[in-house]
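Visitor: Okay, sequence plus prediction incoming.
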Amino acid sequence: MDPKDPFSQQERIPLNGATLTRESWKIFQIMAEFVEGFERLSSIKPSVSVFGSARVAPDHPYYQLAEEVARALSDAGFSVVSGGGPGIMEAANKGAQAGKSPSIGLNIQLPREQDANPYQDIALHFRHFFSRKVMFVKYASAYVVLPGGFGTLDELAEILTLVQTGKTPRIPILLVHEPFWAKLIDWFQERLVAEEAIDPEDMDLFQVVNTPDEVVAAIFDHYEDRGFQPSRQEREILLDL
């Protein structure tokens, strides 16, 4: 055993044929998730992806805010896409279903917190976070991010990174309820910008709003001069997402 090799003293367990076969077949499971997502979501445009905590109860102000935001979006003609679970996800689907446009849930199998809510006109089910994330982005005309935890922050960081790097077209990214987001935005400015981890212009990738009317207005303002259909160049970008 080589003392310079930190792995040399660890037991090496070879993959047997059954394990390799199972891992290979996972590719087809992943492909199936993408195919179903593409087929079922391609007709829902324009749509808005809505994110927020799974842990808020129906009597919480954030739940009520999410329901009102989703209802406003739905009545304005946007399909509303949520993670399909409880809390703000449920509120988003509930508000959307009460409006004029489809309510979509992209459900994920988790050990806890992720029971499908009953307010979904279209319900997809995923085992893999990464294929689910693609579906949130691929057909979204905007991202609406309400208060939430690590999962919500993960989705926010994902879309900011994709837009910043040009891997997806520029879309409105709206953080709802300024008191919740204020200190995080201050940290972006005081640390990420100040220490040149991001450019000052990257702070323009998102907006902070407070009311359902402001959410809808910000989205329409973004698309006022161009419409919701992606350009040919944007379609090419989305093919490589």
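Guide: That came through fine.

Visitor: Any buried residues in the biggest helix by length in the chain, and which?
Guide: If you go by DSSP state H, the chain has its longest helix at helix 17-41. Residues of helix 17-41 classed as buried: 33, 37, 41 (neighbour count, 16 or more other CB atoms under 10 Å). C-betas here are computed from N, CA, C, even on glycine.

Visitor: go on, stretch 159-169?
Guide: Within stretch 159-169, the residues scored as buried using 16+ other CB under 10 Å are 159, 160, 162, 163, 168, 169.

Visitor: In CSV: the residues you listed, plus pLDDT, distance to residue 109 and secondary structure.
Guide: Putting those into CSV (pLDDT from 0 to 100; distance: CB to CB, whole Å; DSSP: H, G, I helix; E, B strand; the rest coil) gives the following:
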residue, pLDDT, distance to residue 109, secondary structure
159, 97, 23, helix
160, 98, 26, helix
162, 96, 24, helix
163, 97, 28, helix
168, 95, 26, coil
169, 94, 30, coil
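
Visitor: ok so, going back, the longest helix of the chain packs against which elements?
Guide: Counting contacts by 3 or more CB pairs under 8 Å, 6 or more residues apart in numbering; DSSP states H and E, helix 17-41 packs against strand 122-126, helix 129-138.

Visitor: Looking at the ones you listed, which is nearest to residue 224?
Guide: helix 129-138 (22.3 Å; CB to CB).

Visitor: Quick one: the strands in the chain, in order.
Guide: Secondary structure of the chain (DSSP state E): strands located at 47-51, 79-82, 103-108, 122-126, 140-145, 173-176, 207-209.
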